[in-house]
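# Curious how this folds, go ahead:
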Amino acid sequence: MTYFFREINRYSFGYTLIFDRALGVLGLFLASKPLLLFMRKKQMPFSQQLLFLLLFYSLNKWEMLLNGSGYIHFLAFSVFYAYFYALDQAFSKKSSLLVLSIYPPFILLVAGPYCLAVFLSCFALFFFLALGKKLWDIKGAILLLISNGLCLFLYLLSNHYAVYEYAGAESISLKEVLQNHLLFVVKFIFYGFSSMLVSGENLEKLLRDGVIQGKGIVLIGSFVLFFYMFMTLLYLWKFFASSGNGGGKAFAGKGKEDLSSEQGQEEAKNQIGKSSMAAENSGETFNFGLLPGLLLLHGLASHALVFLTRYMFLKESYAFQSRYALQYQSALLGAFLILFLWKNEKRFSSGQELRTEQKSQTKQASRIEQKIGVEQKIGIGEQIRIDRRQRTAQGRLAFCLLISGIFLLGTLWTDSSEWGKSMYRREHYERMWSYSHDLSAYSDEELEDVFEYRHGGERIRKAFAIWEQVKKEWRDRS
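Just a heads-up that it's a prediction; the model follows:
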């Protein structure tokens, strides 16, 4: 796909960076569309959607947007999220999975190495669906898994024969790193998570100024990881709890028996309590959907893959480079979707839904009043449960506001600092432009420093010679 767009740029515009940057912005917008559709279907409030968009469009991805070559990454993520959304909709509608088998080959063409996290996330998804007995289209699922597996094999085969050039990499194996550089591994992992709260640029500045030390960054990363793990456990709990059948049937059965004895009265009260708890913790429908879980899986897999492809540099600061923010961000987006869905659960609201549930339970108690004579006790128990639900709703709101406020402050700080640096970045690009007019006048070291390319000045000169030839051919055609 990069070749395809590069040829369009070359033949139509003589190769200009503006075209690549425009594609990057378009790709970022397209990536947000499936997420916005999901929030709309879940009827999330405008305030939650606005916060989500502020996080999504954070300027922590400035490098990918400015250098031009990042456009293919944003376009790839738009395909990833469209695939995840299609799986979510197929799950909610119980529609066929056969047509979704076209996604993996297309992802392989668009995404390159990023596709590995997508395929692994899909394998994990179907494992949990099978474990939770939620598979609905066995034939379609098998074909989709085969499609994912075949594309994963083709990528791994291609990667096996690929030759990578790493400037500054150490000749060290993963086993040696895990055995002899465990502190580096811990720092790398937590540094990566910390960059989702505070951008890598700001973290580097804090380190340089001595405002914070490595332990502080690890603490920030621990907070982000705790948030992810809490949302993951909550999601899994809801996922597997929804496999239950409630408890209403058991209660209905008991209602037909003779409950006039004292033992029957106690059993009836227990059944009411169990029925209420089952209504909170179980249900026939999993309302969170698959998209948040897929985003979490994809983001966490991306953290692991960044480590596996960058450990050989033995620099923990590589973990929070802005070029990885797009990969890491999937986990943050998934965690916030789960947080919002959890906070918005209707049965914990204090409005009409709660009054409807109270009315239903009162009618249920009245139907057995003549047989068990415990209306007053049941009424007290129901009031206690209603008060508990109201406190739970308030606690969820407070937790949601706390987490949202923390990440919003981090995002606004990132955006303001990057906006302030924009003039300096422009000066840097203007400097590169001035150097490009007379490359022979500068040494290899100067060219490597200005263009931030560590593979020799001769390659830089050759690249600009090709670009000049492309420009000349374009002008001749025009």
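
# So which other helices or strands are in contact with the host helix or strand of Trp237?
Per DSSP states H and E, Trp237 falls inside helix 214-241. In terms of contacts (3 or more CB pairs under 8 Å, 6 or more residues apart in numbering; DSSP states H and E), helix 214-241 is packed against helix 115-131, helix 182-194, helix 200-208, helix 291-310, helix 325-343. In this view, the C-beta of every residue, glycine as well, is placed from N, C-alpha and C.

# so which of those helices comes closest to Phe227?
helix 325-343 (6.0 Å; CB to CB).

# For the stretch 251-400 of the chain, which segments count as strands?
Counting by DSSP state E, counting those that start in this stretch, the stretch 251-400 of the chain has no strands to list.

# Could you list the low-pLDDT ranges of it?
By pLDDT under 70, the weakly predicted segments of the stretch 251-400 of the chain are 251-285, 347-383, 385.

# how far out from the middle of the chain is the longest helix seen in the chain?
The single longest helix within the chain, with elements called by DSSP state H, is helix 375-436. Helix 375-436 sits 15 Å away from the centroid of its parent chain (CA atoms, centre = their mean, to the nearest Å).

# helices or strands next to it in the packing?
For helix 375-436, the packing partners by 3+ CB pairs under 8 Å, 6+ apart are helix 46-56, helix 62-66, helix 200-208, helix 262-281, helix 325-343, helix 352-367, helix 444-451.

# so who does the residue positioned nearest the centre of the chain touch?
Nearest to the geometric centre of the chain sits Ser330, at 1.9 Å (CA atoms, centre = their mean). Going by CB atoms under 8 Å, 6 or more residues apart in numbering, Ser330 touches Phe77, Phe80, Leu295, Leu296, His298, Gly299, Ser302.

# care to break this protein down by domain?
Under automatic domain parsing, the residue ranges defining each domain of the chain are 2-227+285-343, 245-282+345-425, 437-477.

# And those domains: which comes nearest Arg431?
domain 437-477 (6.2 Å).

# could you give the mean pLDDT of that closest one?
Domain 437-477 comes out with an average pLDDT of 84.

# how near is Asp449 to Lys94?
58 Å (CB to CB, to the nearest Å).

# Among those two, which residue is more densely surrounded?
Asp449 (13 against 9; other CB atoms under 10 Å).

# Now do stretch 169-182: distance from first to last residue.
In terms of CA to CA, to the nearest Å, the two terminal residues of stretch 169-182 are separated by 18 Å.

# and that stretch, which residues are buried?
For stretch 169-182, burial by neighbour count (16 or more other CB atoms under 10 Å) applies to Val177, His181.

# Show me what that stretch is in contact with.
Residues contacting stretch 169-182 (CB under 8 Å, 6+ apart): Phe184, Val185, Leu308, Tyr311, Met312, Phe313, Leu314.

# and the gap between the third one and Gly299?
Think Leu308. Leu308 is 15 Å from Gly299, by CB to CB.

# Compare neighbour counts for these two and give me the winner.
It is Gly299, of Leu308 and Gly299, that has more neighbours when counted by other CB under 10 Å, with 23 against 11.

# do you know how far the nearest residue in space to that one that is not next to it in sequence is from Leu339?
Once flanking residues are discounted, Gly299 sits nearest to Ala331: 2.4 Å by CB to CB, 6 or more residues apart in numbering. In this view, Ala331 and Leu339 are 12 Å apart by CB to CB.

# out of these two, which sits in the more crowded spot?
More crowded of Ala331 and Leu339, by other CB under 10 Å: Ala331, with 26 against 22.

# Now do the contacts for the closest residue to Gln49 other than its chain neighbours.
Nearest non-adjacent residue to Gln49, counting by CB to CB, 6+ apart: Met39, 5.3 Å away. The contact partners of Met39, by CB under 8 Å, 6+ apart, come to Gln48, Gln49, Phe52, Leu337, Phe340.

# Could you tell me the model confidence score at the first one?
Gln48 is assigned a predicted lDDT (pLDDT) of 93.

# Thought Phe340 was touching it, still the case?
Yes: judged on CB atoms under 8 Å, Gln48 makes contact with Phe340 at a distance of 4.8 Å.

# returning to what we had before: if you count neighbours, what's buried in the helix holding Trp237?
Neighbour counts using 16+ other CB under 10 Å place 217-218, 220-221, 223-225, 227-228, 231-232, 234-235, 238-240 of helix 214-241 among the buried residues.

# same question, stretch 95-114
Leu97, Leu100, Ser101, Tyr103, Pro104, Ile107, Leu108, Val110, Ala111, Gly112, Tyr114.
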